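> Quick one: sequence and predicted model below, then my questions.
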Amino acid sequence: MSVLIKGGRVVTAADDYVGDIFVEDERISLIGESLDVQADRVIDASGKYVLPGLVDPHTHLDMPFGGTVTIDDVESGQTSAAFGGTTCHVDFIIQPPGQTFAAALEEWRSKANGKQVIDMGYHMAVTDLKDGGTLEELATLPDQGITSYKLFMAYKGALMVDDETLFRTMQVAAETGALVMVHAENGDAIDVLVKEALGAGHTEPKYHALTRPPETEGEATNRAIQLAHVAGSPLYVVHVSCRESVEPIERARDAGWNVHGETCTQYFFVDYSFLERPDFEGAKWVYTPPPRPKENQDVLWNAVRTDTLSVISTDHCAFLWDGQKTMGRDDFSKIPNGGPGLENRLHMIHEFGVRAGRITLNRMVELLCTNPAKLFGLYPRKGTIAVGSDADIVVFDPARKYTISASTHHSKSDYNLFEGTQVTGTPEVVLLRGIVLVENDELVAEPGIGQFVRRAKFGAELKPERASVA
Ligand SMILES: [Zn+2]
């Protein structure tokens, strides 16, 4: 199957030109000003942007959490991703305490088999390390294409690890070429604040934010940075939400340390006041870190503009408001933490980042596609448009108006974080390895076409060869 994408404005992190792209055997084989080639399928992209498929390095599909399971499984979550132009994501395997990583990997692979709509990889979330067992096993994961370790410094009594486990994982990463990812919040202090709030009868959703002050994020971010520096491992701080954690990342990067940071779409748009909405509606925005005071939004736009933060992800972790979020009606600490977002990252960042003049089109591609691909061992197979790269391509109509709504989104969640937001610009055709996934607002490919991708180690390139697909 060959595809010719004609006359589009091709935008990568570095380039911006009008040209044709020829796709053969799932990869881009030719790029030119005006290609004279026969193709099985021709897509007219004149007046449209031709972007690399988006890479989302932070999602949670089919994950048990907070006494329930996220509402999007691999099929619904990846379908939602595809409609938003995301063609590859990296999901989190959570090691069940006491279990081996091999068992956890097998369990997660079985949840995805036959359901995959886009390509994917996994991070391994470490919850429990034991000498003579999982500590040694951890070192074997990068050779299996799982080249990042995630640690939760929060969620005491559930996913949280102590500093010994954090530091020993960093030491392993320094040896194996894995990237260490941290959820940076001081879980011990937060646990005290939550108990005090509940003891005082404070049960509403807003106490989710009031018991997780920005300083607890800043402290943990700085602690992780210092420990990673001692261990000699690269560090990636997920979902940075506030000035208190932007600043230590900025200092470390200025000093030349191997530290990288990510924020998520919602932190630019949702502030603390959303949690105060009446009738338990605030629970829709209970995710962690929580929505922050509004002044942090400018801090984050500056941080992504200046490369203090290098990636915008979604942290898609979807629940129903009615039936799941409502488990915490009488106790904010029982509200499952997380929200949907996989489908609307490009809509929101294009509208309020590019169209509003905060970032350039090239920088948008870098933040949503290229940097996540580079940091997580997917580049240059993913994250750019180049000869030899996978033909993961979004034909984006920059003029078409689109209204974001739970009534039309493809997540199974019954609400949308950005409900009613009107944007100009939406994906028109989405291709995965040259196969049309989405066209005319329909999913036209069958689940099962997505593949598991063995990622390269930190700093290494993923060469565009079939052998790297399992
Ligand atoms: Zn997350």
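Now that the structure is in, tell me what you want to look at.
> Tell me where the stretch 351-470 of the chain has strands.
393-403, 422-432, 435-439, 442-443 (DSSP state E, counting those that start in this stretch).
> Over to the spatially most central residue of the chain. Which of the three states is it?
Central residue of the chain (C-alpha atoms, centre = their mean): His58, 2.7 Å from the mean position. Counting by DSSP: H, G, I helix; E, B strand; the rest coil, the backbone at His58 sits in strand.
> ok, and the closest non-adjacent residue to it?
Of all residues not flanking His58 in the chain, Ser313 sits nearest, at 3.6 Å (C-beta to C-beta, 6 or more residues apart in numbering). The way it works is simple: take the backbone N, C-alpha and C, and place the C-beta from them, glycine included.
> Tell me, how many residues neighbour that neighbour?
A count of neighbours around Ser313, defined by other C-beta atoms under 10 Å, yields 26.
> swap in the one 3 residues further on?
The number of residues packed around His316, counting by other C-beta under 10 Å, is 31.
> give me the low-pLDDT residue ranges for the stretch 101-250 of the chain?
Along the stretch 101-250 of the chain, no part satisfies pLDDT under 70.
> can you give me the strands in it?
Along the stretch 101-250 of the chain, counting by DSSP E, counting those that start in this stretch, strands occupy 119-125, 148-152, 179-183, 235-237.
> Could you dump those into CSV with mean neighbour count and distance to Thr426 added?
As requested, these are exported to CSV (neighbours: other C-beta atoms under 10 Å; distance: least, C-beta to C-beta, whole Å):
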stretch, mean neighbour count, distance to Thr426
strand 119-125, 24, 22
strand 148-152, 25, 31
strand 179-183, 26, 30
strand 235-237, 26, 30
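> wait, which of those strands is closest to His350?
Nearest of the strands of the stretch 101-250 of the chain to His350, taken as C-beta to C-beta: strand 119-125 at 22.3 Å.
> hmm, back to that, reformat the strands of the stretch 351-470 of the chain as JSON lines; add distance to Trp321 and mean pLDDT.
Putting the strands of the stretch 351-470 of the chain into JSON lines (distance: least, C-beta to C-beta, whole Å; pLDDT from 0 to 100) gives the following:
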{"stretch": "strand 393-403", "distance to Trp321": "19", "mean pLDDT": "98"}
{"stretch": "strand 422-432", "distance to Trp321": "22", "mean pLDDT": "98"}
{"stretch": "strand 435-439", "distance to Trp321": "26", "mean pLDDT": "98"}
{"stretch": "strand 442-443", "distance to Trp321": "25", "mean pLDDT": "98"}
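> so which of those strands comes closest to Ala104?
In terms of C-beta to C-beta, the element of the strands of the stretch 351-470 of the chain nearest to Ala104 is strand 422-432, at 26.4 Å.
> these two touch, right, the residue nearest to the centre of the chain and Gly338?
No: with contact defined as C-beta atoms under 8 Å, His58 does not reach Gly338; the gap is 11.3 Å.
> So for those two, which residues contact both of them?
Listed contacts common to His58 and Gly338 are 315-316; contacts here mean C-beta atoms under 8 Å, 6 or more residues apart in numbering.
> The residue lying closest to Met327 once chain neighbours are set aside: neighbour count?
With C-beta to C-beta, 6+ apart as the criterion, Met327 has its nearest non-adjacent residue at 5.3 Å, and that residue is Lys334. Around Lys334 there are 15 other residues, counting by other C-beta under 10 Å.
> Which residues are in contact with the residue nearest to His58?
Residues near Ser313 by C-beta under 8 Å, 6+ apart: 56-59, 238-239, 262-265, 345, 372.
> Recalculate using a threshold of 7 Å.
Going by C-beta atoms under 7 Å, 6 or more residues apart in numbering, Ser313 touches 56-58, 262, 264, 372.
> what sits against Phe274?
By C-beta under 7 Å, 6+ apart, Phe274 lies in contact with 282, 285, 291.
> How much space separates it from Val453?
Distance from Phe274 to Val453, counting by C-beta to C-beta, to the nearest Å: 35 Å.
> can you pull out the helices in the stretch 301-450 of the chain?
Applying DSSP state H, counting those that start in this stretch to the stretch 301-450 of the chain gives helices spanning 345-349, 361-365, 371-375.
> how about the last one as PDB, C-alpha atoms only?
It refers to helix 371-375. Extracted C-alpha coordinates of helix 371-375, given in PDB (Å, rounded to 0.1, in the frame of the first residue of the first chain):
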ATOM      1  CA  ASN A 371      10.900  15.800  22.300                       C
ATOM      2  CA  PRO A 372       8.800  13.000  23.800                       C
ATOM      3  CA  ALA A 373      10.000  10.800  21.000                       C
ATOM      4  CA  LYS A 374      13.700  11.700  21.600                       C
ATOM      5  CA  LEU A 375      13.500  11.500  25.400                       C
END
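> Summarise which helices and strands it is packed against.
strand 54-59, strand 311-313 (3 or more C-beta pairs under 7 Å, 6 or more residues apart in numbering; DSSP states H and E).
> possible to save those strands as TSV with mean pLDDT and distance to Ser413?
Listed next are these as TSV, based on pLDDT from 0 to 100; distance: least, C-beta to C-beta, whole Å:
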stretch	mean pLDDT	distance to Ser413
strand 54-59	98	13
strand 311-313	99	17
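> Format these as CSV; extra columns: distance to Val23.
Formatted as CSV, these follow (distance: least, C-beta to C-beta, whole Å):
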stretch, distance to Val23
strand 54-59, 18
strand 311-313, 27
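> on that earlier part again, would you turn the strands of the stretch 351-470 of the chain into TSV with distance to Ala158 and mean neighbour count?
Listed next are the strands of the stretch 351-470 of the chain as TSV, based on distance: least, C-beta to C-beta, whole Å; neighbours: other C-beta atoms under 10 Å:
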stretch	distance to Ala158	mean neighbour count
strand 393-403	37	18
strand 422-432	35	22
strand 435-439	35	21
strand 442-443	35	12
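> if we can go back for a sec, show the buried residues in the contacts of Ser313.
Neighbour counting over these (16 or more other C-beta atoms under 10 Å) leaves 56-58, 262, 264, 372 as the buried ones.
> Now for the residues you listed: which two are most distant?
By the measure C-beta to C-beta, the buried ones among the contacts of Ser313 have their two most distant members at Cys264 and Pro372, which lie 12.0 Å apart.
> returning to what we had before: can you list the helices of the stretch 301-450 of the chain in CSV and add mean pLDDT and distance to Phe65?
Shown next, in CSV, are the helices of the stretch 301-450 of the chain (pLDDT from 0 to 100; distance: least, C-beta to C-beta, whole Å):
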stretch, mean pLDDT, distance to Phe65
helix 345-349, 98, 21
helix 361-365, 98, 30
helix 371-375, 98, 23
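> wait, which of the ones you listed is closest to Ile249?
helix 371-375 (13.8 Å).
> Now do that closest one: everything it contacts.
With C-beta under 7 Å, 6+ apart as the test, helix 371-375 has contacts from 55, 57, 179, 236, 260, 310-311, 313, 379, 382-383.
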